[in-house]
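J.: just the structure for this:
(3 chains)
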Amino acid sequence: MNPFRSRARMLSAGLGLVAGALLLDACGRRETPVEIANREGILLVSSGGDPTSIDPQLIQTLNDSHISIALFEGLTVPDPVTLEPKPGVAKSWDYDEKTMTWTFHLRAEARWSNGDPLTAGDFVFSFQRILTPALGVNYANMLYPIKNATAFNKGTLKDFTQVGVHALDDHTLQIQLEHPTGYFLELCYHQTYLPVHPPTIKKFAAMARRDSGWDKPESFVGNGPFVLSKYSLGEVIEVKKNPLYWNAAAIRLNGIRFFPIADINAEERAFRNGALHVTSTLPPPRFAAYHETHSPYLRVMPVYGTYFYTFNTRKEKGPLSDPRVRLALNLAIDRQALVDHVTRAGQLPAFTMTPPSEQYRPRAQIHEDVAKAKRLLAEAGYADGKGFPSVELLYNTSDAHRAVAEYLQEAWKKNLGIAMRLANTANPAWMNRRDVADFDIIRAGWYGDYTDPSTFLELFSSDNEEEQSGWKNDDYDKLILAARNETDPAKRMEDFQQAEAILGSEAPLIPLYYYTTIILIRPEVRGYHNNLLDQHIYTDVYLDPKATEPEPQ
Amino acid sequence: MPPLLRRALVRLLEIIPVLWVVITITFFLARWVPGGPFDTDRKLSPEAKAHNLEYYGLDQPLPVQYFKYLWNFAHGDLGPLYRHPDWSVNELLIQKAPVSAELGLWATLVALVVGLGAGVVAAARPRSKRDYGTMGMAMVAICLPSFVLGPILLLVFGLKLQWVNVMGWNTASDRILPSLVLGLYYAAYIARLTRGSMLEVRGQDFIRTARAKGCSSPRILVVHMLRNALGPVIAYLAPTIAGLVTGSFVVESIFQIPGIGRMFIEAALTQEYPLLIGVTVLFSAILLLCNWMADLLLTALNPKAAIE
Amino acid sequence: MNPMSKAGASTLWGDAWRRFCGHKLALASLGFLGLVSLMCMTCAVGVGLKAAYGHGWPYGYEEQNLALGAKMFSGEHWLGTDLLGRDLLTRLLVGGCVSLTVGFLATGMVVLIGVTYGMVAGYAGGFVDRVMMRFVDILYALPFTIFIIMLVVLLDKPVQVLLEHFHRGSWGPFIKLCLLFLAIGAFEWLNMARVVRARTLELKSLAFVEAARALGRRPWKILWHHLLPNLAGIIVIYATLSVPAVIMLESFISFLGLGVQPPLTSWGDLINQGASNMELYPWLLIYPSVFFSLTLFALNFVGDGLRDALDPRSDKGG
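T.: This is a model prediction of the structure:
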């Protein structure tokens, strides 16, 4: 026998043995991470990508905020189902309509995780920090309802004592508003209103610095139900129960691990492998499989958000500056078919910009009407799509967006004879093109920051910096301004209805569907309820290892 | 000092100016792409953007930024991360580079052992069943890129059999699948290169001489043929190892491994300039070192080629 | 028949072709490649005709049928449909057209630049070699993705404007893809250069080269007549390895959103999509993978045949 071959055989046998041993070590009675975590009382969550920061004043996305609300607590906290503001750090409050002033009475027992008492002055300091222009936080515009906050943030006002937030004493906080903001208590639990620990900030000279690193585990101080214990980018963010939290008795979890898994297929595999309790999303093609088998893990949460495309109305001679063309494009799409066959994740078709909620059901709806679309297009001079210049539909790279874009392209071709070009770019390039208005039609989405229609409708008023389409309408602006200053809730809603109607006829956008957040969640997780803002306060959440049925929603 | 050793040392020192050129080209190339690190989902107000740019010195003229970067670099400060301000590039590299390095080394081991072994086995008897069989498997491995092979293996071993974790880099068994997925692709390349190169050498005179002298087949195979055929393999290995050791985007994403491979690509797409330059320099340094070692090896294996 | 009937000028390449034809498997593979290319081109033409005149190929590659969804096969769709109900066979053939064009374009560039560069560096040796290889090292160390992004972004507007000028706006995606691959080829040549240089260094020291030099032959003649045929083997192997590497690279680039723009597709793009959905819709992965693999196998055997044909001293026996 060829000695070389036998040597090769021995080598491969040896390797095989090593590999086999490793595998054997792995299998057998493998205890999954979920089983271990159930025993230890730790929740395993996927947070869908590395957070921008642990500092609550620097974060941007919804996923980031899921971590912030574990580590910090605001004046109010949301009810897990209705999202009604409930007492948080503030145990009670009064409102004076004439001066538009809120007075919050803070709990005496509230403290920071290092034992320091939590005072009203801490909130004043925190608001000043987030409004400090040099910190460059654009989300600070959530505090603009506060008197003079806008001026201070823009740099025209230098003296923060002029801003309408004052500490009357250690436990009384007074906030004066610019205009009656009916949803102000809801704003108080938004992540931009969360407090930060002044001595820590001062020690790290972080008043106007983003990269001070104060929020690393060794120096972290927060006032929430959990404290930061491990922070490793791309790996895990771990938080542990905070014994000094004023309501520590009510916390039933011992800790939470957030895994920043960016690849949604990897996330779904991790769930099925027993590595996660809750995912942040679900790959759309898999929805049908879970849905049809009535999987107990599937959870569909309608949320307060809209998926839409924005027109660039600026080009003077271009077809998109003509509202008839824009409306025609809107009318030529079957949105129901889009959600039934393309996105297929239980979304609702959007016939208006603002999603319906308890207090507001928009009347002006854009339903499919191909005949009218053809007529409008012909009126605008492009009968049957002839002569329609080359227009580009831009979306940011993802399978899901691509499927929607291709559907739109096909629908317009079939119904109107318009050949739309598709283009996709990675996120930063896409955002850049949006910001410099270098697009024809661009994909957009908007999650409401709070459950009031103004969060959507203000997007299209011409003084809004986030306004992308370049569309201006004086009547619309007037209505939005009126709503801002209106104290009668019914009249406010009526103003919004009329504004919505203008959007419906001028169509600076193409609303497509209202978002649903679809996740996989294990039945052991209890107290994790559906709500429109996808906010889950972790003091309500607990693990019941014996539960086999998902909790009713 | 013997001339070969002197040449080797000179080559080693040459790495420094090359690294400087790399830094410069990367720096200016990266800034040429439109867009900046502060473009976010929610449009940034012009004031906020201006403040951020000013804080990081990104509003200054490019040459000023360049020299400032070089100055910091010389002092060991590789700069901040714009989108994750809690961390600096130094901290990130110290934490994540060893993970990618370990993954890369395991993958290299797989690639070498499987690749060389398969190539030698195939070249031992060309156009036999063994030859076609091995090369067939190599082709299959090339046709299955990591983002296909990974999910397939994960499906079988992770989900159906539930033998291994599908994500993370904690236990010993977490190393198996990622190394295989990453390494088998390169093993196939090495197998083909080895086989092809060995077959070329096979036809040459000195092999016939060795056989006439009565050398046994395996000895011919390994000692004479492989030694002379390793040239292209070594030349191929140098950049490959450097690439493997600085992380693989696809494998790290699929297996959720906290390495720098993923962050490197993300840095390229999100204009994290300091991280981009930092990882590029790391990759470059490793690459140049690997090339240097490859050159030494080539000289050692075939001294005639080195004498100029 | 007298085997020497083509006596007289028994050139290197003529001999090579004859040897190649003797290699049954290689010949069959060449035929297969030709067949695949023909099918892809027929489909592309048919689809183009359909788009322009309404007749031709039965399905457009972008035609969706949402109610149908993804099905494995049926009488109307021989290879089934994808998630949006598009005919998979059509998309495979159009994708093949894109992939093959792009693969060969890039590889052609790789061979042209890489071989020339490597031969010159290896033969010249000394300082010239050192400088040339340092240049390669520097280029290789550059962040490849950034360069590609940069090229795509910078060329995006000018190319579009140019195409609109000639009223060929719809060719935009395809032309941009070709440019992208020329760019990739402009990076892939580095490996080829390195490998060729290594080989040249080894060959340079062999007897026949020294003899040619002693005879006073000009360097370019030496390179072309003596070195190149001996390098042909490794070049061919590396080239046939390059094509699939380029196609795989293309799928990665498309995955990042910079390559093929929908509804246009390529094999890499189809494999990418199939990989995400392989559990529920395995045929979405199987068909493109099989097409791709078979083409690769064919390229492999053609490469083998070429190497045997071009290497005058390769051992044909066992």
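
J.: now the phi/psi pair for A:Leu543, please.
T.: As for A:Leu543, its main-chain torsions (degrees, to the nearest 10) stand at phi -110, psi 130.

J.: so what's the residue count around it?
T.: By other Cβ atoms under 10 Å in any protein chain shown, the residues close to A:Leu543 number 23. In this view, the C-beta of every residue, glycine as well, is placed from N, C-alpha and C.

J.: what's the following helix or strand after the host helix or strand of A:Asn330?
T.: For A:Asn330, the host element (DSSP states H and E) is helix A:323-331. Per DSSP H and E, the first helix or strand lying C-terminal to helix A:323-331 is helix A:335-337.

J.: ok, and what's touching that following helix?
T.: A:Pro349, A:Ala350, A:Phe351, A:Glu368, A:Leu512, A:Tyr513, C:Leu66 (Cβ atoms under 8 Å, 6 or more residues apart in numbering or on different chains).

J.: over to stretch B:165-174?
T.: Residues outside stretch B:165-174 that contact it (Cβ under 8 Å, 6+ apart) are A:22-23, A:25-26, A:33, A:235, A:259, A:261, A:266, A:269-270, A:273, A:275, B:99, B:103, B:154, B:158-159, B:163-164, B:175, B:255-259.

J.: name the residues of that stretch that are buried.
T.: B:Asn165, B:Val166, B:Met167, B:Gly168, B:Trp169, B:Ser173, B:Asp174 (16 or more other Cβ atoms under 10 Å in any protein chain shown).

J.: what about the strands in the stretch 251-400 of chain A?
T.: Ranges of strands within the stretch 251-400 of chain A are A:255-259, A:298-311, A:348-349, A:391-396, based on DSSP state E, counting those that start in this stretch.

J.: care to break chain B down by domain?
T.: B:3-74, B:89-270 (automatic domain parsing).

J.: endpoints of the longest one, how far apart?
T.: Counting by Cα to Cα, to the nearest Å, you get 15 Å between the two ends of domain B:89-270.

J.: now it: how far from the chain's centre is it?
T.: Centroid separation for domain B:89-270 versus its chain: 11 Å, with Cα atoms, centre = their mean, to the nearest Å.

J.: please, which helix or strand holds C:Ala275?
T.: helix C:267-276.

J.: which strands and helices sit next to that helix?
T.: Counting contacts by 3 or more Cβ pairs under 8 Å, 6 or more residues apart in numbering or on different chains; DSSP states H and E, helix C:267-276 is packed against helix B:146-153, helix C:88-124, helix C:228-255, helix C:283-310.

J.: ok, which residues in chain A are in contact with chain C?
T.: Counting by Cβ under 8 Å from any Cβ of the partner chain, the residues of chain A lying close to chain C are A:265, A:283, A:285-286, A:288-289, A:337, A:341-342, A:390, A:396-397, A:399, A:402-403, A:405-407, A:409-410, A:419, A:421-426, A:429.

J.: could you flag which of those residues are buried?
T.: Neighbour counting with 16+ other Cβ under 10 Å marks A:265, A:283, A:285-286, A:341-342, A:390, A:396-397, A:399, A:402-403, A:405-407, A:409-410, A:421-426, A:429 as buried within the residues of chain A next to chain C.

J.: from the buried residues of stretch B:165-174, which is closest to chain A?
T.: Proximity of the buried residues of stretch B:165-174 to chain A (Cβ to the nearest Cβ) peaks at B:Ser173, which lies at 3.4 Å.

J.: report all helices and strands that the lengthiest helix in chain B contacts.
T.: Counting residues, the longest helix found in chain B (DSSP state H) is helix B:89-124. Under the contact criterion of 3+ Cβ pairs under 8 Å, 6+ apart, helix B:89-124 touches helix A:3-26, helix B:129-143, helix B:176-202, helix B:227-245, helix B:249-255, helix B:260-270, helix B:273-301.

J.: the third one close to chain C?
T.: Translated: helix B:176-202. Yes - using Cβ under 8 Å from any Cβ, we find that helix B:176-202 touches chain C at B:Tyr189, B:Arg192, B:Leu193, B:Gly196, B:Ser197, B:Leu199, B:Glu200, B:Arg202.

J.: can you check the fourth one too?
T.: Yes - contact check for helix B:227-245 against chain C, using Cβ under 8 Å from any Cβ: residues in range are B:Asn228, B:Gly231, B:Pro232, B:Ile234, B:Ala235, B:Tyr236, B:Ala238, B:Pro239.

J.: state the distance from the residue positioned nearest the centre of chain C to C:Thr295.
T.: The residue lying closest to the centre of chain C (Cα atoms, centre = their mean) is C:Gly103, at 2.7 Å. Going from C:Gly103 to C:Thr295 by Cβ to Cβ, to the nearest Å gives 9 Å.

J.: also A:His401?
T.: 31 Å.
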